[in-house]
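Chemist: Sequence and predicted structure are below.
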Amino acid sequence: MKIIFNPIGVIRSPFKKNEGTPIQPAAAKGVIGKVIVFSEYTEGLRDLDGFSHIILLYHFHLAGKYALRVKPFLDNKERGLFATRAPSRPNPIGISVVRLVDVSGDELAVENLDILDNTPLLDIKPFVPEFRTDEKIEIGWLRDKTGYIKNTGDDGRFKHKDG
């Protein structure tokens with residue numbers, strides 16, 4: 001079976017290369033960008049302006065060849081690819097929850113953007129916190145690692161908590 005996705009738009013951000021791009025929206029606090037939706041899909045933006053946050057699904061268009069075991073940014077130990085959020089994957093699809101600042105025609109102004117410039121947009125969904133599970137959530141090997149990401153506040157780029 002072959003699955004084909006066609007972009008519905010493009011994501012514009014200040015990040016032109018992988019180096020220095022935040023690895024999660026939490027490390028991109030205050031980073032402003034745009035989502036430009038192709039004209040044939042703009043009618044689908046109707047009613048989106050009532051949401052404070054949206055989910056962007058996108059294609060990691062610059063991701064390299066994947067490996068099933070990787071050394072993630074937050075760890076020195078090799079991990080299974082599917083236990084990480086590494087961009088190089090068999091299907092290089094990314095997901096980010098960003099703050100929706102404004103909807104104007106075919107453009108969405110967004111904040112807390114952790115995505116490379118000119119990234120192909122695959123889909124947009126409203127973020128609804130109440131849809132999350134009320135079950136206890138476990139985050140495996142990342143349990144003690146999430147505090148190692150911080151936003152420097154000056155240019156939106158991240159650093160390790162200790163550096």
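Modeler: Yep, that arrived. None of these values were measured; they are calculated from a predicted model.
Chemist: Quick check: Pro129 vs Ser39, distance?
Modeler: Using Cβ to Cβ, to the nearest Å, Pro129 is found at 32 Å from Ser39. In short, each C-beta sits where N, CA and C put it, glycine included.
Chemist: oh, I was asking about Glu111
Modeler: 24 Å.
Chemist: Looking at these two, which is more packed in?
Modeler: Glu111 (18 against 10; other Cβ atoms under 10 Å).
Chemist: Give me the distance between that one and Val128.
Modeler: The gap separating Glu111 from Val128 is 18 Å, by Cβ to Cβ.
Chemist: Please enumerate the strands of this structure.
Modeler: 9-12, 32-37, 53-59, 69-70, 79-80, 93-104, 107-111, 119-126, 149-151, 158-160 (DSSP state E).
Chemist: Columns mean pLDDT and distance to Ile3 on top of those, output as TSV?
Modeler: Below are the strands of the chain laid out as TSV (pLDDT from 0 to 100; distance: least, Cβ to Cβ, whole Å):
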stretch	mean pLDDT	distance to Ile3
strand 9-12	98	19
strand 32-37	96	22
strand 53-59	95	12
strand 69-70	92	23
strand 79-80	90	23
strand 93-104	94	11
strand 107-111	96	26
strand 119-126	97	12
strand 149-151	49	32
strand 158-160	41	32
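Chemist: Let's have these in JSON lines, adding distance to Asp47.
Modeler: Shown next, in JSON lines, are these (distance: least, Cβ to Cβ, whole Å):
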{"stretch": "strand 9-12", "distance to Asp47": "17"}
{"stretch": "strand 32-37", "distance to Asp47": "14"}
{"stretch": "strand 53-59", "distance to Asp47": "12"}
{"stretch": "strand 69-70", "distance to Asp47": "39"}
{"stretch": "strand 79-80", "distance to Asp47": "40"}
{"stretch": "strand 93-104", "distance to Asp47": "9"}
{"stretch": "strand 107-111", "distance to Asp47": "13"}
{"stretch": "strand 119-126", "distance to Asp47": "9"}
{"stretch": "strand 149-151", "distance to Asp47": "31"}
{"stretch": "strand 158-160", "distance to Asp47": "33"}
